[in-house]
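Participant: my questions concern the predicted model and sequence given below.
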Amino acid sequence: MKQFSGEKYQELLWHMLLRGVDGFFLWCLPQETIQELSLLHPVYAESFQYREFLNDGAPLTFEVPSRPGPVVSGLRLGNRVLVRRTDFDENLKPVEIEVGGRTLKVQREDGKCQILNLEQD
């Protein structure tokens, strides 16, 4: 099995957080600890700005695509949805997700979270 790059590993950490995981356990050899923490720390640090969603939000999905492509994870809090999209192909089109009876379009924003509004325009 091919190992994730550091960047894709950090994306995995984000998707875990946005699917309801509330903590991580480091399972690595002592000589790997510094590298592991250097990948984990920026995700945790950046996630603090979304703590309201992480503490009180409800996960949108637990599904994993059967083939490489866009992966969207998110947390709903009231009429707002925190999402992150990670692409494993060259897709540039918006991904549509159903949330609360509405269809939201998640644009490709590599390496960024987005907050979308469920209220009618």
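Facilitator: Sure thing, it's come through.
Participant: C-alpha only now, for contacts and for neighbours.
Facilitator: Noted.
Participant: how about the strands in this protein?
Facilitator: In the chain, the strands defined using DSSP state E lie at 58-59, 70-77, 80-87, 95-99, 102-106, 113-117.
Participant: with mean neighbour count, mean pLDDT and distance to Ile34 added, can I get these in TSV?
Facilitator: Shown next, in TSV, are the strands of the chain (neighbours: other Cα atoms under 10 Å; pLDDT from 0 to 100; distance: least, Cα to Cα, whole Å):
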stretch	mean neighbour count	mean pLDDT	distance to Ile34
strand 58-59	19	96	30
strand 70-77	22	96	28
strand 80-87	21	96	25
strand 95-99	14	93	36
strand 102-106	14	94	34
strand 113-117	16	96	26
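Participant: out of the ones you listed, which gets nearest to Gln10?
Facilitator: strand 80-87 (10.6 Å; Cα to Cα).
Participant: how close does the residue nearest in space to the middle of the chain sit to Val43?
Facilitator: For the chain, the residue sitting closest to the mean C-alpha position, by Cα atoms, centre = their mean, is His15 at 3.1 Å. Here the criterion is Cα to Cα, to the nearest Å. By it, His15 lies 11 Å from Val43.
Participant: kindly report the same for Leu13.
Facilitator: According to Cα to Cα, Leu13 stands 7 Å off from Val43.
Participant: which one's more surrounded, these two?
Facilitator: Leu13 (19 against 15; other Cα atoms under 10 Å).
Participant: quick one: contacts for the more buried one?
Facilitator: 40, 43 (Cα atoms under 8 Å, 6 or more residues apart in numbering).
Participant: re the thing from before, correct me if wrong: the residue nearest to the centre of the chain contacts Arg84.
Facilitator: Yes: using Cα atoms under 8 Å, His15 makes contact with Arg84 at a distance of 7.2 Å.
Participant: now do the shared contacts for these two.
Facilitator: Taking Cα under 8 Å, 6+ apart as the criterion, His15 and Arg84 both touch 72-74.
Participant: let me know the closest of the residues you listed to Asp56.
Facilitator: Gly74 (12.3 Å).
Participant: surely the closest one and Arg19 touch.
Facilitator: Yes: taking Cα under 8 Å as the definition, Gly74 is a contact partner of Arg19 at 6.5 Å.
Participant: alright, I will stop here.
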